[in-house]
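J.: Pasting a predicted model and its sequence here:
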Amino acid sequence: MGFGNVGRAFLRLLISKETELRRRYDVRWRLAGVATRRYGWVADPDGLNPLAVLNEHWPAPPSQPCRNVREWLEKARADVLFEASSLDAQTGQPAIDHLKAALELGAHAITANKGPIVHAFHELTSLSHEKQKKFLYEATVMDGAPIFSLFPLGLPATVLQSFSGVLNSTTNVVLTEIEKGRSFDEAVKRAQALGVAETDPSADLDGWDSALKVAALTIVLMGVPIGLEQVQRIGIRELSEEKIRSVRAAGMRYKLVCRAVRRGDTADCTVQPELLLASDPLANLEGTSSAIRFDLDVFSLSFVEHNPGIEATGYGLLADFLRAVQA
Ligand SMILES: NC(=O)c1ccc[n+]([C@@H]2O[C@H](COP(=O)([O-])OP(=O)(O)OC[C@H]3O[C@@H](n4cnc5c(N)ncnc54)[C@H](OP(=O)(O)O)[C@@H]3O)[C@@H](O)[C@H]2O)c1
């Protein structure tokens with residue numbers, strides 16, 4: 001569902017790892033359906049030709065086109081749905097309905113789209129338990145880095161007290177490119193050319209993407225059910241190009257920093273540009289790199305993702321795919 005940067009990167013990775021998946025994991029796959037806004041809902045339970053679809057050679061429209069996600073999933077006889085449609089930060093729709101339909105029809109539901117975690121995490125988790133199918137979302141934060149998979153299995157008997165990080169690639173690319181002398185608009189185009197910025201980059205630039213990630217991590221990893229409106233959010237548009245370059249020349253850097261701190265039953269969550277000293281580990285992130293620091297009750301640890309391409313997001317979906325079908 002959704003065949004833009006992420007959907008395409010995921011399909012390319014599935015193709016390139018087809019033999020490995022079969023030999024090492026005994027997992028075989030068929031592309032039973034693709035849906036986009038423009039091309040509509042294409043389905044074939046015997047399998048579409050993935051290379052043809054990647055090359056924009058779409059099958060002829062069927063005499064009776066699918067009218068909604070349920071009809072499409074039923075026609076495809078899907079075992080797994082990968083939700084990579086455009087983000088609606090305010091409602092999480094229609095991605096929530098897509099994932100619900102998949103679970104209700106007995107398919108695993110895997111999402112790169114963060115909206116459903118923030119707006120329907122408990123509903124989708126309960127439904128997945130009821131249907132004994134997986135609802136997985138590793139690709140939503142830091143692409144393929146195992147952030148959600150780390151908790152709780154890798155860190156049993158710990159409490160996450162706070163976290164901080166730089167979690168949005170687009171703003172990091174834009175700030176880095178402006179530092180190098182490009183204008184704001186040129187820097188945004190560069191992020192789009194890299195495939196990290198969505199077609200409409202305002203969700204990234206205005207801090208919505210980061211705010212959704214902070215909310216998702218707070219809801220899932222801290223177990224605090226906050227709403228998006230509880231994340232105090234300032235984007236990067238108000239920083240002038242001159243200011244970004246002059247602080248860089250003085251050995252400091254602006255980064256869009258995400259923070260959450262547990263306060264009893266709730267959490268203080270912020271997203272805002274912060275002026276960081278060169279000694280701050282977050283200041284050294286270049287290009288699409290992102291990083292997060294977790295402060296647990298027992299110790300602290302950090303993850304850094306070094307300049308990932310869009311294939312890293314595809315990998316997040318692939319890793320969830322294996323987790324789902326091998327469980
Ligand atoms: N890009 C990243 O680095 C990244 C990383 C992690 C997570 N994500 C998330 O992954 C998702 C996809 O990102 P992207 O970069 O691939 O975006 P994108 O390139 O803009 O592609 C979005 C795709 O979704 C389709 N779509 C939109 N609304 C739809 C609907 N109602 N029904 C069916 N298809 C619909 C679009 O179809 P048309 O092309 O026909 O309009 C397009 O194929 C987003 O939720 C994003 O937040 C992105």
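T.: Done, it's in.
J.: Stretch 115-128 and the ligand, any residue contact?
T.: No: using C-beta under 6 Å from any ligand atom, stretch 115-128 never reaches the ligand; the gap is at least 6.8 Å. Bear in mind the C-beta positions are built from the backbone N, C-alpha and C, glycine included.
J.: who touches that stretch?
T.: Applying C-beta atoms under 8 Å, 6 or more residues apart in numbering, the contact partners of stretch 115-128 are 83, 87-89, 91-93, 95-96, 99-100, 103-104, 109, 111, 134-135, 137, 140, 212, 215-216, 219-220, 225, 227-228.
J.: all strands of the stretch 51-200 of the chain, in order?
T.: Remark: strands assigned in the stretch 51-200 of the chain by DSSP state E, counting those that start in this stretch are 80-83, 108-111, 135-136, 160-166.
J.: what residues does the protein put near the ligand?
T.: Within the chain, the positions adjacent to the ligand are 1-7, 35-38, 84-87, 94, 112-114, 139-140, 143, 169, 196, 198-199, 310, 313 by C-beta under 6 Å from any ligand atom.
J.: re earlier: just the ones of the contacts of stretch 115-128 in helices?
T.: Judged by DSSP state H, those include 95-96, 99-100, 103-104, 212, 215-216, 219-220 as members of helices.
J.: just curious, which of those residues is nearest to the ligand?
T.: Comparing the ones in helices among the contacts of stretch 115-128 against the ligand with C-beta to the nearest ligand atom places A95 closest, at 6.9 Å.
J.: The closest one contacts E83, doesn't it?
T.: Yes: between A95 and E83 there is a contact at 5.1 Å, judged by C-beta atoms under 8 Å.
J.: any common contacting residues for those two?
T.: With contacts defined as C-beta under 8 Å, 6+ apart, the residues shared by A95 and E83 are 1, 111, 113, 116.
J.: any chance of the residues you listed in JSON lines, plus pLDDT, neighbour count and distance to A260?
T.: Formatted as JSON lines, those follow (pLDDT from 0 to 100; neighbours: other C-beta atoms under 10 Å; distance: C-beta to C-beta, whole Å):
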{"residue": "M1", "pLDDT": "98", "neighbour count": "27", "distance to A260": "29"}
{"residue": "T111", "pLDDT": "98", "neighbour count": "31", "distance to A260": "21"}
{"residue": "N113", "pLDDT": "97", "neighbour count": "26", "distance to A260": "21"}
{"residue": "P116", "pLDDT": "98", "neighbour count": "29", "distance to A260": "19"}
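J.: quick check, nearest of those residues to the ligand?
T.: N113 (3.5 Å).
J.: what about the nearest residue to that closest one once chain neighbours are set aside, neighbour count?
T.: Distance criterion C-beta to C-beta, 6 or more residues apart in numbering; nearest residue to N113, sequence neighbours excluded, is A95 at 4.4 Å. By the criterion of other C-beta atoms under 10 Å, A95 has 27 neighbours.
J.: cool, V247 as well?
T.: 16.
J.: what about it, which helix or strand?
T.: helix 241-249 (DSSP states H and E).
J.: and that helix, which residues are buried?
T.: Of all the residues in helix 241-249, those buried under the rule 16 or more other C-beta atoms under 10 Å are 244, 247-248.
J.: swap in stretch 65-77?
T.: 66, 69-70, 72-73, 75-76.
J.: And stretch 312-325, by the same measure?
T.: In stretch 312-325, counting by 16+ other C-beta under 10 Å, buried: 312-321, 323-325.
J.: and the closest residue to the ligand within the chain, what is it in contact with?
T.: With C-beta to the nearest ligand atom as the measure, G4 is the residue of the chain nearest to the ligand, at 1.8 Å. With contact set as C-beta under 8 Å, 6+ apart, G4 has these partners: 36, 84, 86, 198-199.
J.: burial of G7, as a residue count?
T.: Neighbour tally, G7, other C-beta under 10 Å: 24.
J.: so it sits right up against F82, yeah?
T.: Yes: using C-beta under 8 Å, G7 makes contact with F82 at a distance of 7.2 Å.
J.: how near is the closest residue to E238 other than its chain neighbours to A327?
T.: Computed as C-beta to C-beta, 6+ apart, the closest residue to E238 that is not its neighbour in sequence is P273, at 7.8 Å. Between P273 and A327 the computed distance is 41 Å (C-beta to C-beta, to the nearest Å).
J.: same check, this time on D209
T.: Separation of D209 from A327 (C-beta to C-beta): 29 Å.
J.: the more surrounded of the two?
T.: More neighbours surround D209 than the other of D209 and A327, with 27 against 10 (other C-beta under 10 Å).
J.: Would you confirm that the more buried one contacts N168?
T.: Yes: counting by C-beta under 8 Å, D209 sits close enough to N168 to count as a contact (5.1 Å).
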